[in-house]
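Undergrad: Can you look at this prediction? I've put the sequence above it.
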Amino acid sequence: MLDRLYAALRRISQRDAAGDARAVLAAAAREAARLGKVDVVVIRLAGALEAPLIARAPARASWPPERLVARWSAQAARARGAVALPEAPVRRAGFTAGLLLPLAVPSGATGVLVACSTGAVPSSEACARMLVPVLAAAARLELDRVRRESEASAGAEAHERLVRRIHDGPLQALSGIILHLRLIRLAADEKMREPLRGLEVELEQVIRQVREFIRTLRDPVPEASLEERVRRALARLERSRGLECSLGWREPDGALSPAAADELFHVINEALANVYRHSAARRVHVQGRARGHTFEVVVRDDGVGFDVSRALRQTPRGLSFGLFSMRERVNALGGLLTLRSQPGRGTRVLIQVPIGAVGAGPPPGGRDGRGRGALPPDRAGARVRPAEYSLSPKSRHSRPRRTSGRTS
């Protein structure tokens, strides 16, 4: 008997689990039928696996139907041992005995083995023999799944580390150089302004190239929707930082072009990066929705918060490099970036872009984002909210101003 068990396990091990998981389970069903000396074996595995798997031996067996197998699987999950099948349906199907054997492996995958026979009821020893190849196959499938996920996770984490190093190093340095070039250009005489502006444009092109490189590293599935990309970013936060993340998203079809969606994703991703770097938050919520002719995204956390006006005074133009990058991207879409925070009260970032934004560089009408398709000016007489600042001034020469923005 040991030789038969060994041979059965060897045959299962020769199956390619990565190539066809069902083939591995089907091989286990055949070995279980042979070892238990029963006529039909049906296996159903679910739980930690991506989707329920069903295998039959012989493969052409039509009874029991899948709906009964699913029902019996739920019944077997509550059982501690073998359960006899109801006699009436078993006999109608042409069998004399039927058993449910619950399946469970340490990974959490659960399921059922259904054994039907035209002879005697399988003994306890026969049940144990049937379970050996099936549990071995289930463990093999689970180990292969864990290996694939580990490899994918390791690759994603390596990419994320590289992205952070590029973002926090060269990209921040280039953004700082542009920031200071603009200050120098504003103070320079007329003869020097044009060459300085040319150098500024060249640096902006380099920054766009670096950002595109980061995008390809950070987002291995660029064709995914904006909602799916944000969902994956939140999942990374939950997995790596232990944050409780939630997402509410209602994006009308065609609201954003692919280029605009890409720019908006990077703004959201930078806001999320600020959450785990600085906020000490436990929860973060992202909401995206259309309001009139505007698509707006709110990133809200319950972290320590900060004094916005004080933070804005600590840099040459009142912006950290991260906020500077966010503002530039939103301005290029003709949108508005608003920051609201207080010490001990968390932080709220509001991003508003016009529906139909193309995201192909600075909008018509200048870098201030007030050309065609840009957001309308704030309504006259709007009430000013405390600690809320617009980081998208109407003129590129103006300072960040305190404003009401739009709330959600």
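TA: Perfect, I can see it now. Numbers count the residues shown, from 1 in each chain.
Undergrad: Only C-alpha atoms from now on, for both contacts and neighbour counts.
TA: Noted.
Undergrad: so residue 288 makes contact with residue 249?
TA: Yes. Counting by CA atoms under 8 Å, residue 288 does reach residue 249; the two are 4.7 Å apart.
Undergrad: More neighbours: those two, which one.
TA: More neighbours surround residue 288 than the other of residue 288 and residue 249, with 21 against 16 (other CA atoms under 10 Å).
Undergrad: Please report the distance of the more buried one from residue 245.
TA: Distance of residue 288 to residue 245, computed by CA to CA, to the nearest Å: 14 Å.
Undergrad: is it true that residue 282 touches residue 246?
TA: No. The criterion here is CA under 8 Å, and residue 282 misses it with residue 246 at 11.6 Å.
Undergrad: and the nearest residue to residue 326 once chain neighbours are set aside, how far is that from residue 32?
TA: With sequence-adjacent residues excluded and distances taken as CA to CA, 6 or more residues apart in numbering, residue 326 is closest to residue 267, at 5.2 Å. Residue 267 is 55 Å from residue 32, where distance means CA to CA.
Undergrad: again, but for residue 70
TA: 20 Å.
Undergrad: Strands of the chain, start to end?
TA: Along the chain, the stretches classed as strands by DSSP state E are 40-46, 53-57, 83-84, 97-104, 110-117, 244-250, 283-291, 294-301, 336-341, 347-354, 388-390, 401-402.
Undergrad: What distance do you get for the residue nearest to residue 326 to residue 347?
TA: Using CA to CA, residue 267 is found at 15 Å from residue 347.
Undergrad: picking up where we left off before, in terms of neighbours, single out the busier of residue 70 and residue 32.
TA: In this view residue 70 and residue 32 are compared by other CA under 10 Å, and residue 32 has more residues nearby, 30 against 18.
Undergrad: Just the pLDDT for that one.
TA: At residue 32, the model reports a pLDDT of 91.
Undergrad: That one: what's it in contact with?
TA: Neighbouring residues of residue 32 by CA atoms under 8 Å, 6 or more residues apart in numbering: 41, 129, 130, 131, 132, 133, 134.
Undergrad: Give me the buried subset of these.
TA: Judged by neighbour count, with 16 or more other CA atoms under 10 Å as the criterion, the buried members of the contacts of residue 32 are 41, 129, 130, 131, 132, 133, 134.
Undergrad: ok, so of these, who is nearest residue 273?
TA: residue 134 (44.9 Å; CA to CA).
Undergrad: what's around the residue nearest to that closest one when sequence neighbours are not counted, how many residues?
TA: Sequence neighbours aside, residue 28 is the residue nearest to residue 134 in space, at 5.1 Å (criterion: CA to CA, 6+ apart). Other residues within reach of residue 28, judged by other CA under 10 Å, total 31.
Undergrad: Okay, now the unreliable bits of the stretch 151-300 of the chain?
TA: In the prediction, the stretch 151-300 of the chain carries residues with pLDDT under 70 at positions 151-160, 212-223.
Undergrad: Please apply the same query to the stretch 1-150 of the chain.
TA: 1-2, 4-6, 8-9, 12-19, 47-51, 105-109, 146, 148-150.
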